[in-house]
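*Asks:* From the sequence below, what's the structure:
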Amino acid sequence: MGFLRRGPQLKIFYASDIHGSERVFRKFLNAGEFYHVDAIVFGGDLTGKAIIPFIEYQPGRFRADIFGVTHEVETGSALTELEQFVRDRGSYPYRTTPTELHSMQQDTTLVSSVFSRVMSKTAEDWVTLADDRLRKAHIPCIMMPGNDDEPELKRILAQGDWIVDGEDKVVSLRNFQVASFGWSTVTPWHSPREVTEEIMAERLDELMHSVDPNLPIIFNLHDPPAESGLDLAYKMTPDMKVEMAGGQAVLAPVGSVAVRNLITRVKPVLSLHGHIHESRNTAKIDSTLAINPGSSYTEGVLQGTIVSLQGNKVIGYQMVTG
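*Replies:* Modelled structure (predicted):
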């Protein structure tokens, strides 16, 4: 599987962890032309985590509790703008009635069904948008789900006829190859796509069977390597609160040992990671440059990195915010 003609140099833009923010997704699609790169790569966690009910309590009048603030609006531009505000910050607005809302409050399976339907429709629209825009710009795009994405996203990404779901595949970009894997090791939040360290190691070893040993390799692995500085997350107490010490939030490494072992063994020219939003950083692991550009999706900000490669080395990189 491949994109682009063969050439001596490759310049890519990488970002991860959009989590349903429509504003950030549109910025990601524009990044290829804006930064004049050869290809864009997405590292997982595309979809949002919540729906926000817009309750039609009177004909044409809606009430919504948005991030702790109650809004009342009428059908028209004010409603449209408020729904877009919700989408841009990574949640899904959902127009409903008091009767349906009561049913949802009584039945968690109904909530799951509504969320799945709204999430899937939004993701399908995004894939169509990405195909159209990136095909016109002739910019290749590798995407994959992350640990927070529902399994249904795999089917939706597979519908793309320009973008490629690179997960569990090795995709060629000029004279480089990109190996992608979007699952994470176990988290306190029990997200949809988690595996143990042992299974992570097995799955990554299987992926390496498709690697051409004669071409330099780029890793696109959602989970960052353990003890790398790319994996520092807020430490949680048993009751799921952020642990504090001296008035400061405590950070602890939470990355994957299997990912770090694979980097050390295979020595990719570049290793791209996401998952830990607050750990925007770079690191050298032996000869490999590893990068986590972080995420600020709730602010509508796209954090990413531009990397230029030639031969079997990185010749330049830059962390960017837009």
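*Asks:* my guess is Gly48 contacts Met119, does it?
*Replies:* Yes: in terms of Cβ atoms under 8 Å, Gly48 counts as a neighbour of Met119; the distance is 6.7 Å. From N, CA and C alone the C-beta is placed, and that goes for glycine too.
*Asks:* who touches both of those two?
*Replies:* Gly20, Tyr92 (Cβ atoms under 8 Å, 6 or more residues apart in numbering).
*Asks:* show me where pLDDT drops low in this protein?
*Replies:* Scanning the chain for pLDDT under 70 picks out 1-8.
*Asks:* mind running it again at 90?
*Replies:* Counting by pLDDT under 90, the ranges of the chain that qualify are 1-8, 174, 236-240, 246-247, 311.
*Asks:* Mind naming the longest helix for it?
*Replies:* helix 108-137 (DSSP state H).
*Asks:* Packing partners of that helix?
*Replies:* Packing partners of helix 108-137 (3 or more Cβ pairs under 8 Å, 6 or more residues apart in numbering; DSSP states H and E): helix 22-34, strand 51-58, strand 92-96, helix 98-106, strand 141-143, helix 152-158.
*Asks:* Report the buried residues of it.
*Replies:* Using 16 or more other Cβ atoms under 10 Å as the test for burial, helix 108-137 gives 114-115, 118-120, 122-123, 126-127, 130-131, 133-134.
*Asks:* ditto for stretch 291-304
*Replies:* Quick answer for stretch 291-304 (16+ other Cβ under 10 Å): Ile291, Asn292, Pro293, Gly294, Ser295, Ser296, Tyr297, Gly300, Leu302, Gln303, Gly304.
*Asks:* Just flag the most distant two among the residues you listed.
*Replies:* Across the buried residues of stretch 291-304, the longest distance by Cβ to Cβ is 22.1 Å; it joins Ile291 and Gly300.
*Asks:* that older thread, can I get the helices and strands packed on helix 108-137 in TSV with distance to Lys267 and mean neighbour count?
*Replies:* Formatted as TSV, the helices and strands packed on helix 108-137 follow (distance: least, Cβ to Cβ, whole Å; neighbours: other Cβ atoms under 10 Å):
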stretch	distance to Lys267	mean neighbour count
helix 22-34	28	20
strand 51-58	44	17
strand 92-96	41	19
helix 98-106	51	13
strand 141-143	21	25
helix 152-158	29	18
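*Asks:* How far away from the center of its chain is stretch 30-38?
*Replies:* Taking Cα atoms, centre = their mean, to the nearest Å, one finds stretch 30-38 lying 18 Å from the centre of the chain it belongs to.
*Asks:* Name the surrounding residues that touch it.
*Replies:* Counting by Cβ under 8 Å, 6+ apart, 4, 10-13, 15, 39-40, 133-134, 137, 139-141, 173-174, 302, 304, 306, 320, 322 sit against stretch 30-38.
*Asks:* where do the strands sit along the stretch 151-300 of the chain?
*Replies:* Under the criterion DSSP state E, counting those that start in this stretch, strands of the stretch 151-300 of the chain are mapped to 164-165, 170-173, 176-181, 184-185, 194-195, 217-221, 232-234, 244-245, 248-249, 251-253, 270-272, 281-285, 288-292.
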